[in-house]
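**Q** Based on what follows, work out the 3D shape:
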Amino acid sequence: MNKVNIEEKFSLFNDYFNPRIVGELNGQQVKLVKFKGEFVWHKHDNEDEMFYVVKGKFKMEFKDKIVEINEQEFLIVPKGVEHKPSAENEVSIMLFESAATLNTGDTKSDLTRAVLEKI
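**A** Below you'll find the model as predicted:
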């Protein structure tokens, strides 16, 4: 049982769309990731995802709308819903999702991370 300093963990990396695992509980993982630019359209057939904005803001695009998520807000994307995150400026995100969740879901791309680093 160790506490986690989120700011310290974010200082350990500078790349984008490459989640790091900072905790695990009940088959779920707590991940930290930085976004800048556009991700890929994708969906997760079996897992919901929660995006909590620690610092900055980003837009989550859906087929029928765009939702802006600001600092200290979160959004849950239900399983099966196609989505694409994008950020004009760097944003720091905490993710809560199943350990089985692949970051690009049903889409394979150069941004797919099959194995995540634990920090």
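
**Q** What's the local residue count around Ile119?
**A** Close neighbours of Ile119, defined as other CB atoms under 10 Å, add up to 14. Just so you know, the C-beta spots here come from the backbone N, C-alpha and C atoms, and that holds for glycine as well.

**Q** For it, give me its contacts.
**A** Lys9, Leu12, Phe13, Arg20, Ile21, Val22, Leu32 (CB atoms under 8 Å, 6 or more residues apart in numbering).

**Q** These, buried ones only, as a ChimeraX selection?
**A** Selection of the buried residues among those in ChimeraX, burial being defined by 16 or more other CB atoms under 10 Å:
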select :9,20,22,32
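
**Q** Excluding chain neighbours, what is closest to Ser56?
**A** Quick fix: residue 56 reads Gly, not Ser. Val91 (3.3 Å; CB to CB, 6 or more residues apart in numbering).

**Q** Against Thr104, how distant is that neighbour?
**A** 18 Å (CB to CB, to the nearest Å).

**Q** which one of these two has more residues nearby?
**A** Val91 (24 against 19).

**Q** Just list whatever residues bridge to that one.
**A** Listed by DSSP bridges, the beta-bridge partners for Val91 are Phe35.

**Q** go on, Met50?
**A** Under the criterion DSSP bridges, Met50 forms beta bridges with Ile76, Phe96.
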